[in-house]
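Chemist: model the structure of this input:
(chains A and B)
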Amino acid sequence: AQSVTQLDSHVSVSEGTPVLLRCNYSSSYSPSLFWYVQHPNKGLQLLLKYTSAATLVKGINGFEAEFKKSETSFHLTKPSAHMSDAAEYFCVVSDLGTYKYIFGTGTRLKVLA
Amino acid sequence: DVKVTQSSRYLVKRTGEKVFLECVQDMDHENMFWYRQDPGLGLRLIYFSYDVKMKEKGDIPEGYSVSREKKERFSLILESASTNQTSMYLCASSFGRGGPQHFGDGTRLSIL
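Modeler: Now for the predicted structure:
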């Protein structure tokens, strides 16, 4: 069965420092993995996706994530946080060939000036 | 860019009313989804549709129905609105199985 665990419900970083948002997953088959960002009162915006190609995935706004099958992880990183990165981030897993998407519970990122 | 448009950003209705939430996508995606998002409960799937006139129940379909008469439009219907249906409703579309979903901006619905 699929599942997603976002290991931190809240993360605080200072502006200009690196961001790390952690996500572990379990999947029976070959997973597709996604990271989304949600700003207050907005929908979810796709940051990046992994669909069995390169294990290091680059996304929008300087974010990237690395798929590590041995660790069943898909952590999101950014070298330097910006104030506009403050938002909630969701890790999502889907098995290729299905319509089912499993959402993590979200990580709220706070960026301190 | 994919555009998913939800007809209302904010909506206030009364208990017992029949409520329609509309969602339109412009990328010819065959799959469309309705979720609700509540603090502490995350996103929960209400219904999805993988083709015109096709629908599948999600995790919390009770009290809701859906309609998909055209490929680009997916409507969520609250048959008789109740206060526990006050929530943020999110529509999404996707292409193929397991492809990325694209979300609308959401409708914040209050039932009084």
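Chemist: residue contacts, the residue of chain A at minimum distance from chain B?
Modeler: Nearest residue of chain A to chain B: residue A:43, at 3.8 Å (C-beta to the nearest C-beta). Quick note: C-beta positions are derived from backbone N, CA and C, even for glycine. Applying C-beta atoms under 8 Å, 6 or more residues apart in numbering or on different chains, we find residue A:43 in contact with B:4, B:90, B:103, B:104, B:105, B:106.
Chemist: can you tell me the closest non-neighbouring residue to the residue of chain B found nearest chain A?
Modeler: Nearest residue of chain B to chain A: residue B:103, at 3.8 Å (C-beta to the nearest C-beta). Spatial nearest neighbour of residue B:103, chain neighbours left out: residue A:43 (3.8 Å); criterion: C-beta to C-beta, 6 or more residues apart in numbering or on different chains.
Chemist: cool, and residue B:14?
Modeler: residue B:112 (5.6 Å).
Chemist: would you quantify the distance from the residue nearest to the spatial centre of chain A to residue B:76?
Modeler: Centrality entry for chain A: nearest residue to the mean C-alpha point is residue A:35, 3.5 Å, by C-alpha atoms, centre = their mean. Distance from residue A:35 to residue B:76, counting by C-beta to C-beta, to the nearest Å: 26 Å.
Chemist: so how many other residues sit close to the spatially closest residue to residue B:87 that is not a sequence neighbour?
Modeler: Closest residue in space to residue B:87, ignoring its immediate chain neighbours: residue B:36 at 4.4 Å, by C-beta to C-beta, 6+ apart. As a burial measure, residue B:36 scores 24 neighbours (other C-beta atoms under 10 Å in any protein chain shown).
Chemist: ok, residue B:36 - contacts?
Modeler: With C-beta under 8 Å, 6+ apart, residue B:36 has these contacts: B:43, B:44, B:46, B:60, B:87, B:88, B:89, B:90.
Chemist: so it sits in a strand?
Modeler: Yes. Counting by DSSP: H, G, I helix; E, B strand; the rest coil, residue B:36 is found in a strand.
Chemist: check the gap between it and residue B:23 for me.
Modeler: For residue B:36 relative to residue B:23 (C-beta to C-beta), the value is 13 Å.
Chemist: next: residue B:66.
Modeler: From residue B:66 to residue B:23 the distance is 10 Å (C-beta to C-beta).
Chemist: tell me where chain A is predicted with low confidence.
Modeler: For chain A, the stretches flagged by pLDDT under 70 are A:96.
Chemist: what residues does it have near chain B?
Modeler: A:32, A:34, A:36, A:41-46, A:49, A:51, A:90, A:92, A:94-99, A:101, A:103-106 (C-beta under 8 Å from any C-beta of the partner chain).
Chemist: for residue B:28, list the residues it contacts.
Modeler: Counting by C-beta under 8 Å, 6+ apart, residue B:28 has contacts B:71, B:72, B:95.
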